[in-house]
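Colleague: Mind folding the following:
(chains A and B)
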Amino acid sequence: MKGHTHAQAAEEFIKDDARTHWHDETLWHVRQKRDLSAQGIPEWETLRDTASAAKNYVLSHLGELLEQFESNALANGVEVLWAKDAKEHNDHVYRILQENKVANIVKSKSILTEECGLNHYLEDKGYEVVDTDLGERIIQFAKQAPSHIVLPAIHLKKQDIGEIFHKHIGTQEGASDPKYLTEAARQHLRKKFIEANAAITGVNFGIAETGGFVVCTNEGNADMGTHLADIHIACMGIEKLIPRAADLGVFLRLLARSATGQSITNYSSHFHRPAQGKKMYIILVDNGRTEQLGREDFKNSLKCIRCGACMNTCPIYRRSGGYSYNSTVPGPIGSILSPGKDLKKYSTLPFASTLCGSCSDVCPVKINIHEQLYKWRQVITENTDVDASKKLAMKVAGVTFGKPVLYDLAGKMARTALRITPDSLVYSSINVWGKHRDLPQVPKESFKEWYKKNRKS
Amino acid sequence: MSSKAAILAAIQKNKPSETPLPALLNFPDQPDLVEKYQKGLSGNGGKLIEAGSLEQVQQHISENFAEDQLIASLVDGIKGNVDVQQISDPHDLEHVELAILKGELGVAENGAIWMPEENVVHRVLPFIAQHLIIILKENTLLTNMHQAYDQVNVSAPGYGVFIAGPSKTADIEQSLVIGAHGPRSLTVFLLK
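Modeller: As a prediction, this is how the structure comes out:
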């Protein structure tokens, strides 16, 4: 990935103007479907409040709920493993595969295994991991990472996918019909499902009360994999717990509607015990989550149920693409999760926002995303070497906004300066805000001046 | 220290102040459940047929499937030619063309049907079949998911699934395609 800052990486994406617009419009369409769906539920806000409260309860009782979950899962005949970090998680998976002499692995969508770099780890050990979600299979062929947590291949056009499939599974050259390509993937992946000895899945919800877990898909790929293979390994972040099975009523009503506007995913699978003669494992992963739990301002980010609504609505994400964030979880939620993992590496992400607050408005568990973005900016400005122009600008802004006389004067000067400055300077490389957009016409007077003049008449 | 102990210790140290467990929600029953169910199911790509009797289902199958195709029926009164109970390896279901299963209850708001393990025998059956028919009793229809979880004990079976439509994907340019890995169609017959 070229460029270390979000803006530099976004520059790559927006080079193709038509594609940028397509990306923007497509995600906005998904956001509109979400609105339509949410508005059809009169009790929508009650659901959000309740989901938020249930997750707050989980975070404030996490230790006891994890122990309850573990003891119930053990009683159900499921093996439970704990992993402090990505490496331990990957080691557990490797050991299970070795112990069970697994040759062929299929995997359904799991952002956690992306976070842990599981595929690369297993490939280095000589395993081939077949991603079975269609979008994930596409990007796996293309040796790319997901650019969206729900729509992993949203950055690609059907012509790109046609080319990828032609190269990897022998579809006709130039063919790009989604139906034809999906059918080809179906045939290709059926073979993989039939051959698989182990299936790896993520977890959407872990139920403390019963020790079971729920996996949601539309394709049915998690079920095709787990029910045919002898070994099921479920990888779960410790924050994925919910207290009671009945809480699923709230969460399943919110998840798919928030994600794509559909009323529920076509499959919501509840796993409690392995089928006869088979084995089931759950790996509980921390990897920085307990640390985030201790950050008063940012702990709420752990309530996330990974619906992706904040990405679809974000004016920056839609126009800069998932890769510009250079982190496993992109978009607004990624921008508040990632700095907790590596403040320096992800220092530009909280600035990749207009703080418009739309992300917080659509979040089904009411995470105050835009407020956390703002708070991360302060942490980053204090603790890292953010680019000097930003630091200076903030200092000057602080002084100016604090003194009305200075503010009026600065406004007047700016209005005049912008009028008389040649375009070559306004749209120079120093002003990144001048790229790809024109500044509005500068008014002759400020609102304050206009108001003074007009209020008596 | 074990990883479990380390994680629990870190949680103990960092956990936020206690907040209460919210009460479970329930909302009033809605009228016109069949109409709502039909809308919910078709929104997910499924098809609802209100049937007078099982004979009508049998007729539908005869009209739409050939005799040499593998049909697995777990519904009394509907004929099949695959004895699911006798199969021990789920891979042997690979070429099943049609599975006919009984749903426990339906949810009007989203078309979902609760399918516990005992109704499918082999967990893979509703996924590996090329087409799926589910028989549902009209009097099992509920208004919403809260009511469904109130009725279902999710941990009683080792596995259970809410099926709300056929296998589908929109991963290529957001174009909806039915039949990703699992059934290419879901037809629900609603019986009185």
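
Colleague: surely A:Ile111 meets A:Ile305?
Modeller: No - using Cβ atoms under 8 Å, A:Ile111 is not in contact with A:Ile305, being 11.2 Å away. Every residue, glycine included, has its C-beta placed from N, CA and C.

Colleague: and the helix or strand containing A:Lys191, C-alpha only, in CSV?
Modeller: Using DSSP states H and E, A:Lys191 sits in helix A:178-195. Taking C-alpha atoms only, helix A:178-195 is exported to CSV below (Å, rounded to 0.1, in the frame of the first residue of the first chain):
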residue,chain,number,x,y,z
PRO,A,178,-22.6,-11.7,-11.9
LYS,A,179,-25.0,-14.7,-12.3
TYR,A,180,-22.5,-16.6,-14.4
LEU,A,181,-19.6,-15.8,-12.2
THR,A,182,-21.5,-16.8,-9.0
GLU,A,183,-22.4,-20.1,-10.6
ALA,A,184,-18.8,-20.8,-11.5
ALA,A,185,-17.8,-20.0,-7.9
ARG,A,186,-20.5,-22.3,-6.6
GLN,A,187,-19.2,-25.2,-8.6
HIS,A,188,-15.6,-24.5,-7.6
LEU,A,189,-16.4,-24.1,-3.9
ARG,A,190,-18.7,-27.1,-3.7
LYS,A,191,-15.7,-29.3,-4.4
LYS,A,192,-13.8,-27.5,-1.6
PHE,A,193,-16.7,-28.0,0.9
ILE,A,194,-16.9,-31.7,0.0
GLU,A,195,-13.1,-32.2,0.5
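
Colleague: Report the buried residues of that helix.
Modeller: Buried residues in helix A:178-195, counted by 16 or more other Cβ atoms under 10 Å in any protein chain shown: A:178, A:180-186, A:188-189, A:192-193.

Colleague: Including distance to chain B and pLDDT, could those go into CSV?
Modeller: Below are the buried residues of helix A:178-195 laid out as CSV (distance: Cβ to the nearest Cβ, whole Å; pLDDT from 0 to 100):
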residue, distance to chain B, pLDDT
A:Pro178, 4, 98
A:Tyr180, 9, 98
A:Leu181, 6, 98
A:Thr182, 4, 98
A:Glu183, 7, 98
A:Ala184, 11, 98
A:Ala185, 8, 98
A:Arg186, 6, 98
A:His188, 10, 98
A:Leu189, 6, 98
A:Lys192, 10, 98
A:Phe193, 7, 98
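
Colleague: Strands of chain B, start to end?
Modeller: Applying DSSP state E to chain B gives strands spanning B:47-51, B:71-73, B:98-102, B:105-107, B:113-116, B:131-137, B:141-142, B:159-163, B:168-169, B:177-178, B:186-191.

Colleague: Just tell me which of those strands ends up closest to B:Gln86.
Modeller: Across these, B:Gln86 has its closest neighbour in strand B:71-73 (11.1 Å, Cβ to Cβ).

Colleague: Check which helices and strands that closest one sits against.
Modeller: For strand B:71-73, the elements it packs on are strand B:98-102, judged by 3 or more Cβ pairs under 8 Å, 6 or more residues apart in numbering or on different chains; DSSP states H and E.

Colleague: Does anything pack onto the strand it packs on? Which helices or strands?
Modeller: Judged by 3+ Cβ pairs under 8 Å, 6+ apart, the packing partners of strand B:98-102 are helix B:54-64, strand B:71-73, helix B:117-120, helix B:125-128, strand B:131-137.

Colleague: cutoff 7 Å now
Modeller: strand B:71-73, helix B:117-120, helix B:125-128, strand B:131-137 (3 or more Cβ pairs under 7 Å, 6 or more residues apart in numbering or on different chains; DSSP states H and E).

Colleague: For stretch B:13-29, give me every contacting residue.
Modeller: Residues outside stretch B:13-29 that contact it (Cβ atoms under 7 Å, 6 or more residues apart in numbering or on different chains): A:43, A:46, A:50, A:53-54, A:56-57, A:59-60, A:62-63, A:243, A:246, A:249-250, A:290, A:293-294, A:299, B:143-144, B:146.

Colleague: Buried ones among those?
Modeller: For the contacts of stretch B:13-29, a neighbour count by 16+ other Cβ under 10 Å gives the buried set as A:50, A:53-54, A:56-57, A:59-60, A:62-63, A:243, A:246, A:249-250, A:290, A:293, A:299, B:143-144, B:146.

Colleague: Just the ones of those residues in helices?
Modeller: Counting by DSSP state H, the part of the buried ones among the contacts of stretch B:13-29 found in helices is A:50, A:53-54, A:56-57, A:59-60, A:62-63, A:249-250, A:290, A:293, B:146.

Colleague: thinking again about what came up before, okay, the strands of chain B in a markdown table with distance to A:Ile336, mean pLDDT and mean neighbour count next?
Modeller: What follows is these, written out as a markdown table (distance: least, Cβ to Cβ, whole Å; pLDDT from 0 to 100; neighbours: other Cβ atoms under 10 Å in any protein chain shown):
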| stretch | distance to A:Ile336 | mean pLDDT | mean neighbour count |
| --- | --- | --- | --- |
| strand B:47-51 | 43 | 97 | 17 |
| strand B:71-73 | 48 | 98 | 22 |
| strand B:98-102 | 43 | 98 | 23 |
| strand B:105-107 | 34 | 98 | 26 |
| strand B:113-116 | 36 | 98 | 24 |
| strand B:131-137 | 41 | 98 | 22 |
| strand B:141-142 | 37 | 98 | 20 |
| strand B:159-163 | 31 | 98 | 27 |
| strand B:168-169 | 30 | 98 | 26 |
| strand B:177-178 | 34 | 97 | 22 |
| strand B:186-191 | 39 | 98 | 22 |
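
Colleague: Nearest to chain B: which residue in the stretch 1-150 of chain A?
Modeller: A:Gly135 (3.6 Å; Cβ to the nearest Cβ).

Colleague: what's around that residue, how many residues?
Modeller: Around A:Gly135 there are 24 other residues, counting by other Cβ atoms under 10 Å in any protein chain shown.

Colleague: Could you measure from A:Asn204 over to A:Ala245?
Modeller: Distance of A:Asn204 to A:Ala245, computed by Cβ to Cβ, to the nearest Å: 13 Å.

Colleague: More neighbours: the two, which one.
Modeller: The neighbour count for A:Asn204 versus A:Ala245, taken as other Cβ under 10 Å, is higher for A:Asn204 (25 against 21).

Colleague: ok, now which ones touch residue 105?
Modeller: No chain was given, so I picked chain A. Shown in contact with A:Ile105 (Cβ under 7 Å, 6+ apart): A:127, A:129-130, A:196, A:198, A:200.

Colleague: not quite, I wanted chain B
Modeller: Contacts for B:Leu105 (Cβ under 7 Å, 6+ apart) come out as B:114, B:140, B:142, B:148, B:151.

Colleague: mean confidence score for stretch A:390-405?
Modeller: The average pLDDT for stretch A:390-405 rounds to 78.

Colleague: Just the CA atoms of it, as CSV, please.
Modeller: Output of stretch A:390-405 as CSV, limited to C-alpha atoms (Å, rounded to 0.1, in the frame of the first residue of the first chain):
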residue,chain,number,x,y,z
LYS,A,390,-2.0,20.4,11.5
LYS,A,391,-0.6,21.1,15.0
LEU,A,392,0.1,24.7,14.2
ALA,A,393,-3.3,25.2,12.5
MET,A,394,-5.0,23.8,15.6
LYS,A,395,-3.0,26.1,17.9
VAL,A,396,-3.8,29.2,15.8
ALA,A,397,-7.5,28.1,15.6
GLY,A,398,-7.6,27.7,19.3
VAL,A,399,-6.4,31.3,19.9
THR,A,400,-8.5,32.8,17.2
PHE,A,401,-11.8,31.2,18.2
GLY,A,402,-11.2,32.2,21.8
LYS,A,403,-11.1,35.9,21.0
PRO,A,404,-14.1,37.4,19.1
VAL,A,405,-12.1,40.5,17.9
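
Colleague: what comes into contact with it?
Modeller: A:381, A:406-407, A:410.

Colleague: Which residues does the residue nearest the centre of chain B form beta bridges with?
Modeller: Nearest to the geometric centre of chain B sits B:Ile163, at 2.3 Å (Cα atoms, centre = their mean). Beta-bridge partners of B:Ile163, counted by DSSP bridges, are A:Tyr267, B:Ile113.
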